[in-house]
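S.K.: I'd like to go over a predicted model; first the sequence, then the structure.
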Amino acid sequence: SLPQGTAAPQKGRGKRAGRRKKAEQDAKALSPRPQTRTDGLILTGLNPSDPPPAGGGLTRKLLLLSLPVTVSAVFLPLSQMLDCVMSVHFLNRLGLDGTAMYGLLSGPVFSLTGVPVVLAAAVASAALPVLAGLKEDPLRRAEKVGFCFKLTLFVSAPAAFFLLFLAGEIVTFIYGGQDPAEIAVTADLLRLSALSVIFLSLMQTAVSVLVALGKVRVSVGFLGGAIGVKLLLNLILLPIPQIHIYGAAISATACYLVAGILDLYYIIKYQHCTFGWVRALVLPCAYALAACFPASLLPALPLPVRL
């Protein structure tokens with residue numbers, strides 16, 4: 001048997017070791033979580049083995065990331081200003097009131113098409129942080145990319161087809177106090193600009209996807225090329241007397257179409273986001289078309305049938 005009094009020292013040492021272990025656990029719990037760098041953004045707790053960069057390197061990365069985003073944000077307002085100058089100039093040369101006719105495009109038409117685009121922009125804003133955290137998981141990333149495009153079209157496609165098929169009724173209802181000739185021109189401009197809701201919404205989501213993948217400069221380059229196409233179409237279409245102001249609406253829709261297609265092609269081809277594009281892109285447009293086309297037949301029906 002053990003001599004009397006030997007258990008007490010072992011018990012004391014066990015208590016001290018337990019207190020020391022608990023103190024280490026508390027200190028570990030209170031210490032800051034490790035930080036890692038991902039394309040200039042500081043994300044917490046993703047990869048503890050990658051130390052955070054020095055202050056100068058972080059500042060440089062942030063500048064390289066924010067500069068292309070700033071340039072792309074300036075492109076669209078700058079192109080709209082050039083649209084205004086070119087439209088007024090060429091329409092005045094045709095003997096038309098260029099300021100008044102461009103006001104029909106920039107006022108009623110841009111206001112009506114801008115509402116669904118703003119709603120779809122919420123999808124693009126929400127997609128950025130989600131996709132940024134899935135760079136190392138290509139399967140889940142492709143799934144989320146497809147879901148973002150599908151959600152974008154479920155918001156934008158019904159609005160675009162309603163504006164396309166019911167342009168005359170919408171303009172008459174909202175701006176019925178205007179001159180009938182101006183209402184007719186505004187309705188035609190709205191029909192030509194309706195599909196730009198889809199293309200601009202897709203472009204916004206695609207740009208957010210490219211930013212999340214670290215390809216900001218690619219999106220800026222595509223947008224610059226699309227604006228070049230827009231200005232070229234303005235030079236070709238605006239001087240034609242039969243087209244005049246409609247050329248500005250056609251060129252704006254073509255600009256968003258070119259930018260959206262280029263962004264989608266790059267995402268699918270070079271970033272290997274091979275999502276189900278039929279389910280993500282085609283089916284929402286088909287559903288929206290099936291829902292909106294019967295509504296375009298209602299004005300032609302007798303009043304009792306419509307009721």
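M.R.: Perfect, I can see it now. Model, not experiment: these values are computed from the prediction.
S.K.: Which parts of the stretch 101-250 of the chain are helices?
M.R.: 110-132, 138-165, 167-174, 180-194, 196-212, 216-237, 246-269 (DSSP state H, counting those that start in this stretch).
S.K.: Distance from the chain centre to the fifth one, please.
M.R.: Distance of helix 196-212 from the chain centroid (CA atoms, centre = their mean, to the nearest Å) equals 4 Å.
S.K.: about what we covered before: please work out which of the helices of the stretch 101-250 of the chain is packed deepest.
M.R.: Comparing the helices of the stretch 101-250 of the chain by mean neighbour count (mean count of other CB atoms under 10 Å), helix 196-212 comes out on top with a mean of 26. No exception for glycine: its C-beta is placed from N, CA and C like everyone else's.
S.K.: That one packs against which elements?
M.R.: Here helix 196-212 touches helix 110-132, helix 138-165, helix 216-237, helix 246-269, going by 3 or more CB pairs under 8 Å, 6 or more residues apart in numbering; DSSP states H and E.
S.K.: can I get the CA coordinates of that helix in CSV?
M.R.: Taking Å, rounded to 0.1, in the frame of the first residue of the first chain, the C-alpha atoms of helix 196-212 are listed here in CSV:
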residue,chain,number,x,y,z
SER,A,196,-32.8,45.6,-73.1
VAL,A,197,-34.3,44.8,-69.6
ILE,A,198,-33.2,41.2,-70.1
PHE,A,199,-29.8,42.0,-71.6
LEU,A,200,-28.9,44.6,-69.0
SER,A,201,-30.0,42.5,-66.1
LEU,A,202,-27.9,39.5,-67.4
MET,A,203,-25.0,41.8,-67.9
GLN,A,204,-25.2,43.1,-64.3
THR,A,205,-25.2,39.5,-62.9
ALA,A,206,-22.4,38.4,-65.3
VAL,A,207,-20.3,41.3,-64.2
SER,A,208,-20.8,40.4,-60.5
VAL,A,209,-19.8,36.8,-61.3
LEU,A,210,-16.6,37.9,-63.1
VAL,A,211,-15.8,40.2,-60.2
ALA,A,212,-16.2,37.3,-57.7
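S.K.: pLDDT averaged over it, what's the number?
M.R.: Across helix 196-212, the average pLDDT comes to 89.
S.K.: that older thread, among the helices and strands packed on helix 196-212, which is nearest A295?
M.R.: With CB to CB as the criterion, A295 lies closest to helix 138-165 of the helices and strands packed on helix 196-212, at 6.4 Å.
S.K.: Could you check the angle the closest one makes with helix 180-194?
M.R.: Angle, helix 138-165 to helix 180-194, by axes from the mean of the first three to the mean of the last three CA atoms, to 10 degrees: 160 degrees.
S.K.: which stretches of the stretch 151-300 of the chain have low pLDDT?
M.R.: Filtered on pLDDT under 70, the stretch 151-300 of the chain yields the residue ranges 271-277, 296, 298-300.
S.K.: if you set the cut-off to 90 instead, what comes out?
M.R.: 151-155, 157-158, 162, 165-166, 168-169, 173, 175-179, 204-220, 264-265, 267-300 (pLDDT under 90).
S.K.: which residue packs closest to F147, ignoring adjacent ones?
M.R.: In this structure, F147 finds its nearest non-sequential neighbour in A280, 7.5 Å apart by CB to CB, 6 or more residues apart in numbering.
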